[in-house]
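> Pasted the sequence and its predicted model underneath.
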Amino acid sequence: MTIREATLEDVEAINQLNTGPLNHEYPLADAKKQLCYLLSSPVNKLFVKELDEKVVGYIQLSEYVSTYAPRLMNVLALVVAEDFHSQGLGKALLDYAEQWAKEQGVKGIRLNSGVERTAAHKFYEKQEYVRVKNQVNFRKLFNERISKE
């Protein structure tokens, strides 16, 4: 099993993971544009987990800087293909991301998880993440209609 930085060639696998376990439908062409941007961004990082040269999971991080907290990394996505759940792949990705974040000099990691994802919450708590607060997520896209997720 290998963990490495994502490349543009990983876009189809990442998009499949997004539409499968995460249930985020997004056109492949748009996902490719987004991945191009993310790969060139100094404050974003994507790592993929490979098993037998197939991407089976990924983690996406973004720098989180505010005026009310220390500099952190924000986990925007952590997903493992359903066939590989409970095999330590999510933990391996999170451990790898934590080590990388430490090397960047940040004070820690923050993340959000959907209220319905109780298994994910247990996983994060097992990794010593502390539940801080409950929030409601709002979004406004310009020139597009938004369906509730």
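It's in.

> remind me, longest strand of the protein?
Taking DSSP state E as the assignment, the strand of the chain that covers the most residues is strand 54-64.

> And the residue nearest the centre of this structure?
For the chain, the residue lying nearest the average C-alpha position, counting by CA atoms, centre = their mean, turns out to be residue 77 (1.7 Å).

> so where does that one fall, helix or strand?
strand 72-80 (DSSP states H and E).

> List the neighbouring strands of that strand plus their orientation.
Strands adjacent to strand 72-80 in the sheet, as given by DSSP bridges, are strand 54-64 (antiparallel), strand 109-111 (parallel).

> Please spell out which residues along it are buried.
Neighbour-count burial for strand 72-80, counted by 16 or more other CB atoms under 10 Å, picks out 72, 73, 74, 75, 77, 78, 79, 80. (Each C-beta comes from the backbone N, C-alpha and C, glycine too.)

> The third one contacts residue 59, correct?
So that's residue 74. No. At 11.2 Å, residue 74 and residue 59 do not qualify as touching, with contact defined as CB atoms under 8 Å.

> sorry, back to before: enumerate every residue touching the nearest residue to the residue nearest to the centre of the chain once chain neighbours are set aside.
For residue 77, the nearest residue in space outside its immediate sequence neighbours is residue 60; the separation is 4.3 Å by CB to CB, 6 or more residues apart in numbering. Contact partners of residue 60, counting by CB atoms under 8 Å, 6 or more residues apart in numbering, are 38, 44, 45, 46, 75, 76, 77, 78.

> Test my guess that the fourth one contacts residue 38.
Yes. Counting by CB under 8 Å, residue 46 sits close enough to residue 38 to count as a contact (6.0 Å).

> of the two, who's got more company?
Neighbours per residue, other CB atoms under 10 Å: of residue 46 and residue 38, the larger number sits with residue 46, 22 against 17.

> hang on, the earlier thing: out of the strands paired with strand 72-80, the one nearest residue 5 is which?
Closest approach to residue 5 among the strands paired with strand 72-80 (CB to CB): strand 54-64, 10.3 Å.
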